[in-house]
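**Q** Any chance you can model this:
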Amino acid sequence: MNIAVVGAQWGDEGKGKIVDLLARRFSIVARYQGGHNAGHTVHVGGRRFVLRLIPSGILHQGVTCVIGNGVVVDLAALFDEVDGLAGAGIGVDGRLLISDRAHVILPYHPDLDRLREASLGPRMIGTTSRGIGPAYEDKAGRRGLRVCDLADAAALEEHIRDGLARRNELARDGRLAWTDVFDRTRQLGERLKPWIADVSAVLCAAMADGRSILFEGAQGTMLDLDHGTYPYVTSSNATVGGACTGLGIGPRSIHVVLGIAKAYTTRVGEGPFPSELHGGDGDALRAKGGEFGTVTGRPRRCGWFDAVQMRHAVRVNGFDALAVTKLDVLDGFERVPVCVGYRLDGEAVSAFPADLGRLRRCTPVLESCPGWNRPTSGVQRYDDLPANAQAYLQRLEDLAGVPVVFASTGAAREDIVVKNAPLAAAWFGSELA
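**A** This is a model prediction of the structure:
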């Protein structure tokens with residue numbers, strides 16, 4: 001059985017932990033979009049791993065990890081990650097494959113990112129300035145550089161000359177020399193050679209042999225280029241459809257779609273956020289949840305769980321179930337509100353608006369759930385959760401319209417409870433049920 005793990009909110013939902021939890025029963029973990037602007041944090045054996053490009057399954061020996069054509073790859077960032085894992089005793093040789101069709105982030109792409117953000121002024125998007133957007137723009141503009149192009153020295157030189165000419169025309173901080181960029185890119189391309197593969201063919205052959213695949217998304221549904229809060233989105237399709245285009249697989253290859261959602265809501269960067277909290281409870285959620293960006297360190301905006309947004313995510317992804325993370329962050333709140341609807345200019349709104357002007361005017365309709373005084377932190381059996389915590393998970397399930405199968409109660413791999421054990425056993429194996 002093949003399963004896709006997809007962020008159900010604005011990213012940072014805890015996908016890395018859930019992928020790590022599930023990965024041991026899969027032969028392959030395949031990342032399908034985004035770049036090193038994503039940060040999946042995994043805590044194992046008292047150690048903290050931050051993975052930006054390499055799928056979270058790399059922490060399990062015997063699991064092959066794949067970076068698909070839908071990912072944009074900064075070669076220097078990739079090898080920083082590889083070398084960091086090696087320093088922790090985790091080797092990737094023979095276990096990591098990178099699509100020959102993946103596009104490459106070149107050293108001038110972050111410069112173009114920063115220049116564009118600066119030019120927008122108060123309309124800035126709030127990107128990580130890692131060059132992700134400009135690399136995807138080059139891809140869409142049919143001027144991108146793919147991994148398979150790294151071997152052609154003449155074409156690479158021409159490509160880098162043209163790209164730097166655009167960069168140097170816009171920048172006022174001096175000119176970058178094409179030779180430096182060319183030499184560094186060629187060196188990294190040589191190092192990459194053993195891992196380059198036709199990922200679509202590899203995955204299809206694996207499925208034909210009966211091997212199981214876990215498809216790993218980055219960012220979250222509300223950052224999807226088409227279905228998120230455009231233009232305050234990423235430059236790729238973070239919804240489940242991105243798995244098909246970003247890996248070269250057919251939609252019938254995905255048997256279960258698991259959405260990952262925090263027990264509350266966060267987002268980084270600009271854009272409307274109907275259930276956002278300012279001060280008070282919002283500051284408490286940020287402090288207790290450690291809500292600071294894995295990649296950038298920026299403080300995340302915090303709000304209550306938003307059921308309107310969640311139903312939108314359930315619909316566009318076809319979620320079969322949810323995994324709810326950071327339940328323990330809500331420990332100690334006397335009441336835990338949930339946004340069950342919006343009001344716009346005095347009228348009830350049942351669907352998530354596409355028009356950001358309308359979305360900005362939406363106010364949340366809150367339903368107050370009773371909190372719990374007994375801690376959930378570290379609880380590993382659903383029946384050991386406080387009754388009100390169980391009731392809260394059930395309310396989220398009812399509002400989302402899909403079952404909750406897991407709830408995370410801490411950062412460690414083992415801090416997890418299973419709700420709906422029969423589903424968990426059928427989809428993820430009896431050892432997790």
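**Q** need the strands for the stretch 251-400 of the chain, in chain order.
**A** Along the stretch 251-400 of the chain, counting by DSSP state E, counting those that start in this stretch, strands occupy 256-262, 265-267, 301-303, 305-306, 321-325, 335-344, 347-349, 362-370.
**Q** So which elements touch the last one?
**A** The one in question is strand 362-370. Using 3 or more Cβ pairs under 8 Å, 6 or more residues apart in numbering; DSSP states H and E, the elements in contact with strand 362-370 are strand 335-344, helix 387-400. Every residue, glycine included, has its C-beta placed from N, CA and C.
**Q** Let me have those in TSV, adding mean pLDDT and mean neighbour count as columns.
**A** Formatted as TSV, the helices and strands packed on strand 362-370 follow (pLDDT from 0 to 100; neighbours: other Cβ atoms under 10 Å):
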stretch	mean pLDDT	mean neighbour count
strand 335-344	97	18
helix 387-400	98	18
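**Q** Report how many residues lie close to A424.
**A** Residues lying near A424 (other Cβ atoms under 10 Å) number 20.
**Q** that older thread, same list (the strands of the stretch 251-400 of the chain) but as CSV, adding distance to S200.
**A** Converted to CSV, the strands of the stretch 251-400 of the chain look like this (distance: least, Cβ to Cβ, whole Å):
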stretch, distance to S200
strand 256-262, 20
strand 265-267, 33
strand 301-303, 38
strand 305-306, 36
strand 321-325, 27
strand 335-344, 40
strand 347-349, 41
strand 362-370, 41
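**Q** so which of those strands gets nearest A412?
**A** Nearest to A412 among the strands of the stretch 251-400 of the chain is strand 321-325; the distance by Cβ to Cβ comes to 12.5 Å.
**Q** Only C-alpha atoms, please: export that closest one in PDB.
**A** What follows is strand 321-325 as a C-alpha-only set of coordinates in PDB (Å, rounded to 0.1, in the frame of the first residue of the first chain):
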ATOM      1  CA  ALA A 321      -7.600  10.600   7.600                       C
ATOM      2  CA  LEU A 322      -5.700  13.100   9.700                       C
ATOM      3  CA  ALA A 323      -2.800  12.900  12.100                       C
ATOM      4  CA  VAL A 324      -3.000  15.700  14.700                       C
ATOM      5  CA  THR A 325       0.300  17.000  16.100                       C
END
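**Q** Okay, now the sheet partners of it, with direction.
**A** Applying DSSP bridges to the sheet, strand 321-325 is found paired with strand 256-262 (parallel), strand 404-408 (parallel).
**Q** how close does V365 get to P272?
**A** Separation of V365 from P272 (Cβ to Cβ, to the nearest Å): 16 Å.
**Q** ok, now which residue in the chain is the farthest from the centroid?
**A** Using Cα atoms, centre = their mean, the residue of the chain lying farthest from its centre is A154. It sits 35.7 Å away.
**Q** Show the average pLDDT along the one helix or strand that one maps to.
**A** Taking DSSP states H and E as the definition, one finds A154 inside helix 153-170. Average pLDDT, helix 153-170: 85.
**Q** So which bits of it are buried?
**A** Across helix 153-170, burial judged by 16 or more other Cβ atoms under 10 Å covers L156, E157, H159, I160, G163, L164, R167, N168.
**Q** OK, contacts around the fourth one?
**A** Same thing as I160. For I160, the contact set (Cβ atoms under 8 Å, 6 or more residues apart in numbering) comprises L106, W178, V181, F182, T185.
**Q** mind checking how far the residue nearest to the first one when sequence neighbours are not counted is from V329?
**A** In this case it means L106. Counting by Cβ to Cβ, 6 or more residues apart in numbering, L106 lies nearest to G163, which is 6.0 Å off, once chain neighbours are set aside. G163 is 43 Å from V329, where distance means Cβ to Cβ.
**Q** Excluding sequence neighbours, find me the nearest residue to C204.
**A** The shortest distance from C204 to any non-neighbouring residue, by Cβ to Cβ, 6+ apart, is to I249 (6.9 Å).
**Q** Helix, strand or coil: sort out the one you found for me.
**A** Here I249 is recorded as coil under DSSP: H, G, I helix; E, B strand; the rest coil.
**Q** what's it sitting at in phi/psi?
**A** The phi and psi torsions at I249 (degrees, to the nearest 10) take the values phi -120, psi 160.
**Q** wait, doesn't it sit right on L203?
**A** Yes. If you go by Cβ atoms under 8 Å, I249 and L203 touch, sitting 5.7 Å apart.
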